[in-house]
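Peer 1: what would the 3D arrangement of this be:
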Amino acid sequence: MALPDWLEPMAATLTAERFEDPGWTFERKLDGIRVLAFKRGRRVELWSRNRLSLTERYPAVVEALAALPMREAILDGEATGAWGRQGRADYHVFDVLWLDGRSVTGASLVERRRLLDRFDFALPVARLRPLTGAEPWLQACRKGWEGVIAKRLDAPYEHRRSKHWLKMKCEASQELVVGGFTDPQGGRVGFGALIVGHFDGRDFVSAGKVGTGFDTALLRSLHARLRALEQPASPFARGGKTPKGVHWVKPEIVVQVAFTEWTAAGMLRHPRLLGVRDDKRAADVVRERA
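Peer 2: Okay, the predicted model is just below:
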């Protein structure tokens, strides 16, 4: 069987979920360039996700991969650091798609890792090892990393964006005030999402919707509190669009919200609820700035 000229790399799906499960493993999310390495004997080619040749940019990586004792291989990884003939770059290998005449993409991640364990990678090439310890996404954020990738141990390698790989980015968090809620959809109880905001002087400014981070008990208990605060008009002075099925409330309930970043329009990106803050006054909640 001939070595393929190209195989689409597997991509992770962004998620706001945070979980630990023995069927999943976590790796550091590197801030680099995704690179597929094709090895035929001592000939090595490096290609980016959009099929640009990177072989000339990483000569030290090419040399290290050429020395590996495998006839054929397609490796998946991330290149970080400087590039160029005079530069040095690191290539962090985290998967294998093809090995010595056969595709291994149908094997589980556990099996593919075992195949990689047969080889001693020499710098500037290294294995990207799984993280250990509790709450790896918090470990990543404390160390100033971009985040983590959660991967199902029993999953095959898929040539597409998959929910078997989940991207958990490091988050910021801050207190916000609930100014409204939307009707629930499907089988959800209570409400669909919270409309949250912060104070800017006397103005109550919208920061968008928060629709994840709730369990059923919280949906019910928080909905009861919100119903008691309903009012006909929006409490927001500016910001945001009016969603369908919205119910406006007096801005009195403070919540803690995690998110990846503020948009240019002042909205939260990928927000999720962390909890209700009964120890904070709504009037004291302003947008926190670095």
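
Peer 1: make it CA atoms for all contacts and neighbour counts henceforth
Peer 2: Fine.

Peer 1: what's the domain layout of the protein?
Peer 2: 11-169, 172-284 (automatic domain parsing).

Peer 1: export the ones you listed to CSV and tack on distance to A2 and mean neighbour count?
Peer 2: Formatted as CSV, the domains of the chain follow (distance: least, C-alpha to C-alpha, whole Å; neighbours: other C-alpha atoms under 10 Å):
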stretch, distance to A2, mean neighbour count
domain 11-169, 7, 18
domain 172-284, 43, 18
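
Peer 1: could these go into TSV alongside mean pLDDT and distance to D5?
Peer 2: Listed next are the domains of the chain as TSV, based on pLDDT from 0 to 100; distance: least, C-alpha to C-alpha, whole Å:
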stretch	mean pLDDT	distance to D5
domain 11-169	92	8
domain 172-284	93	37
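
Peer 1: relative to P4, which of those domains is closest?
Peer 2: Closest to P4 of those is domain 11-169 (C-alpha to C-alpha; 8.7 Å).

Peer 1: between the two ends of the closest one, how far is it?
Peer 2: End-to-end distance for domain 11-169, by C-alpha to C-alpha, to the nearest Å: 14 Å.

Peer 1: and it, how far out from the chain middle?
Peer 2: Centroid separation between domain 11-169 and its chain, computed with C-alpha atoms, centre = their mean, to the nearest Å, is 16 Å.

Peer 1: will you turn the domains of the chain into TSV that also has distance to P4?
Peer 2: Listed next are the domains of the chain as TSV, based on distance: least, C-alpha to C-alpha, whole Å:
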stretch	distance to P4
domain 11-169	9
domain 172-284	37
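
Peer 1: not counting sequence-adjacent ones, nearest residue to F181?
Peer 2: In this structure, F181 finds its nearest non-sequential neighbour in L194, 4.4 Å apart by C-alpha to C-alpha, 6 or more residues apart in numbering.

Peer 1: now do the one you found against F19, distance only.
Peer 2: For L194 relative to F19 (C-alpha to C-alpha), the value is 22 Å.

Peer 1: ok, H92 to L3 distance?
Peer 2: Distance from H92 to L3, by C-alpha to C-alpha: 22 Å.

Peer 1: likewise for E78?
Peer 2: 21 Å.

Peer 1: ok, P156 next?
Peer 2: Look at P156 and L3: by C-alpha to C-alpha, they are 19 Å apart.

Peer 1: so S173 is in contact with E261, correct?
Peer 2: No - applying C-alpha atoms under 8 Å as the test, S173 and E261 come out as separate, 9.1 Å apart.

Peer 1: for the residue of the chain positioned farthest from its centre, list the residues it contacts.
Peer 2: Most distant from the centre of the chain: P232, at 37.9 Å, with distances by C-alpha atoms, centre = their mean. Contacts for P232 (C-alpha atoms under 8 Å, 6 or more residues apart in numbering) come out as 247-249.
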